[in-house]
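Chemist: Kindly return the folded structure for what I paste below:
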Amino acid sequence: MSRVCLVSVAVLLMAGIANANAQTDADAQYKAGADFAREIKGKGDSSLNNFNPGNSIPNYTDSPGEKNYYGGVKATSDGTLKTDGGNAWSQTEAGKAVTDSMMKNPKEPILPDAPFIQSGKDVQSRADTIIGKTGQMQCEAQQINRSEFTNYSCERDVQVERACTRTAELTGGWSGSTEQKSFEVTLSEQPFNIYGGAVHITITPPVSGKIIRATYRYPRVAGNQRTDISVLGTSLYYHGWTEQSGTDFWPSQVDLVAGQPFEVSHGDRKYKRVRGGVLIKHKSPIPATLHFDLQVDTRIFTPRVAWTEHCPFNKDEGRQSNTECLQPGGERTLSVEGKQYSINQACWQFKDTYITQLADGGSCQKYMGNPACTLASRTCAFNTEDGGGCLHEYVSYSCETRTTGKVMICGGDTFCLDGECESAQQGKNNDFAPVVSALAALAAAGKDVAALNGVNVRAFTGSAKFCKKFAVGFSNCCKDSGWGQDIGIASCSTEEKALGKAKEKQLTVSVGEFCSKKVLGVCLEKKRGYCQFDSKLAQIVQQQGRNGQLRIGFGAAKSPDCRGITQTELQQIKFDNIDFSNFFEDLQKNQKIPDNNALTERVREQIATQLQNK
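Modeler: All right, here's what the predicted structure looks like:
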């Protein structure tokens, strides 16, 4: 055996040994894994069922104090959250520190030559001149007024009216009936031919129908007469009839068609053809006759008015509010098979109007009832699925605020006589609430961004919510108000009730409406989609900043896009153009700062101290 062969055999032996060892290792590993699986079987469920959080979570309690802040979706208030928040501001060390820093910080020094001090001294030295109109400078008191207009944003449901048409058409139908008719023919008066030893007579029926009886009469003339006749497949043979005698029979072929001839075979050879095709004997006509009684089918046409309705929506969703006639009534005529039929109708077309959605003021209600506010703009947020009308709209109201102040004009100088004239003159809104609201929005955005640690950075992220909307007369789980009373919402789910509370707190944005249940093409249930946010600031920035300024929508009703706002988008939003009025109320309720009187008194004390030192 060569060296090459020996090497090859060695290699094969080593490979076989390696494979055997690998198989042994695999079996051992499988057995170990199977044993481990059997050992821990059922321990997972046992661990969950017997889990004691107190033994694993430090300082665990199943009754935290914060549970008092949530009263469920049916609660009419926020529990003690706002009260505790106010107390925390006034009673905690942090809150007291902020208040004390404002009231007890060292007084800022006021320099005697400060402009406003010099102006005050000037007014004081000329007090008699200003008030008493003495001296050479004549002074005159005037009242100045200024109107400031502020735009506020809101959203609401609009009333939707939709119409169906009912159109009348003159039509009719045939109804079946039967009647009995008869006809009789004299054979000697009908066309005939003679062949084959018989007379063949042609009869043309004047009417169609089914034969219910036939009668043949063959008068006796002289002696015994014999005759045979074949009528519609039935053969008759008679001998020795008396005068005017006859017999009834029922032919095999029972249906006759008007105008369609049939043949009667008469077997009496004593008759021969003479002029005019008349059968005579001894120059006398033989009036043999055939009589037929028929059952005749008849049709009766009855005119009627047929109504067709065109309705682009389900009428069960609405309530009929009005009906009007579009085509005035009168007489109309229909021609059928040459016959005229007329019917008089009060109206030939109606228009029926339905209210498929009632108007709901939503967050616009407070502006709608304010005489100082006028509608500035309105934009449809979303329409019905078939485009038949606007269901929800975004609205902007312009509200007027009038400022009045008293001034004294002395020559070219103007002196304020009360604290209101400054704002009336300047016309600038330097109120605390708008400025702080914008800063709070930026701070909240920064907090969201910081929490994401630079990964997919988004601010003011919301979540998609849905509610059912039933036909009129049933519960509407999408209504914007009245949730605190729980009227007519027994069939609404817990999630829908929670959404209703969120809507009342102005934490949502309406996205759209869609049919969620349809049977045989008829929509049985509709749903409305929303984006719900954790705070009013998030809702305001999302609706007015993202949707209003950047024109970035919230997706489709079935799948709302409630994503957060990116850093780039935040930089593009103009916060000074955003209406934060919905946030003002919360700001005023939850923040306790020194009132204006306290601040004014502090300034007075500082001025008095400076003057005394001077």
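
Chemist: So which residues of the stretch 101-250 of the chain form helices?
Modeler: Shown for the stretch 101-250 of the chain, the helices assigned by DSSP state H, counting those that start in this stretch span residues 115-125, 127-132.

Chemist: same question for the shortest one, mean pLDDT?
Modeler: For helix 127-132, mean pLDDT is 60.

Chemist: got it, and stretch 574-581?
Modeler: Stretch 574-581 shows a mean pLDDT of 83.

Chemist: In it, which residues are buried?
Modeler: Within stretch 574-581, the residues that count as buried by 16 or more other CB atoms under 10 Å are 575, 578-581. C-betas here are computed from N, CA, C, even on glycine.

Chemist: May I have that stretch exported as PDB, CA atoms only?
Modeler: What follows is stretch 574-581, C-alpha atoms only, in PDB (Å, rounded to 0.1, in the frame of the first residue of the first chain):
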ATOM      1  CA  LYS A 574     -43.400  81.100  16.200                       C
ATOM      2  CA  PHE A 575     -44.400  80.800  19.900                       C
ATOM      3  CA  ASP A 576     -45.300  84.500  20.100                       C
ATOM      4  CA  ASN A 577     -48.100  83.800  17.500                       C
ATOM      5  CA  ILE A 578     -49.600  81.000  19.600                       C
ATOM      6  CA  ASP A 579     -52.800  81.500  21.600                       C
ATOM      7  CA  PHE A 580     -52.100  80.200  25.200                       C
ATOM      8  CA  SER A 581     -55.400  81.400  26.600                       C
END
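
Chemist: okay, now the domains of this structure?
Modeler: 162-310+322-355, 431-596 (automatic domain parsing).

Chemist: gap between the two ends of the longest one?
Modeler: The first and final residues of domain 162-310+322-355 sit 6 Å from each other (CA to CA, to the nearest Å).

Chemist: ok, back up a step: can the buried residues of stretch 574-581 go into CSV with extra columns for distance to Arg402?
Modeler: Output for those, formatted as CSV (distance: CB to CB, whole Å):
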residue, distance to Arg402
Phe575, 27
Ile578, 24
Asp579, 20
Phe580, 22
Ser581, 18
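
Chemist: Nearest to Pro560 among those?
Modeler: Here the nearest of the buried residues of stretch 574-581 to Pro560, counting by CB to CB, is Ile578; it sits at 21.6 Å.

Chemist: Show me what Glu144 is bridged to.
Modeler: Just to correct that, residue 144 is Ile rather than Glu. Beta-bridge partners recorded for Ile144 (DSSP bridges): Gly405.

Chemist: Burial check on it, number of neighbours?
Modeler: The number of residues packed near Ile144 is 16, by other CB atoms under 10 Å.

Chemist: Hmm, it is touching Met408, no?
Modeler: No - at 11.2 Å, Ile144 does not count as touching Met408 under the criterion of CB atoms under 8 Å.

Chemist: least reliable of the domains of the chain going by mean pLDDT?
Modeler: When I compare the domains of the chain, domain 431-596 is least confident, with a mean of 77.

Chemist: Looks like Gln180 contacts Leu294 (just checking).
Modeler: Yes - the criterion here is CB under 8 Å, and Gln180 meets it with Leu294 at 6.9 Å.

Chemist: Quick check: neighbours shared by those two?
Modeler: Applying CB atoms under 8 Å, 6 or more residues apart in numbering, one finds that Gln180 and Leu294 are jointly contacted by Ile212.

Chemist: who's more crowded, those two?
Modeler: Shown here are Gln180 and Leu294; by other CB under 10 Å, Leu294 has more neighbours (21 against 11).

Chemist: Now do the strands in the stretch 451-600 of the chain.
Modeler: For the stretch 451-600 of the chain, applying DSSP state E, counting those that start in this stretch gives strands covering 463-469, 508-519, 522-532.
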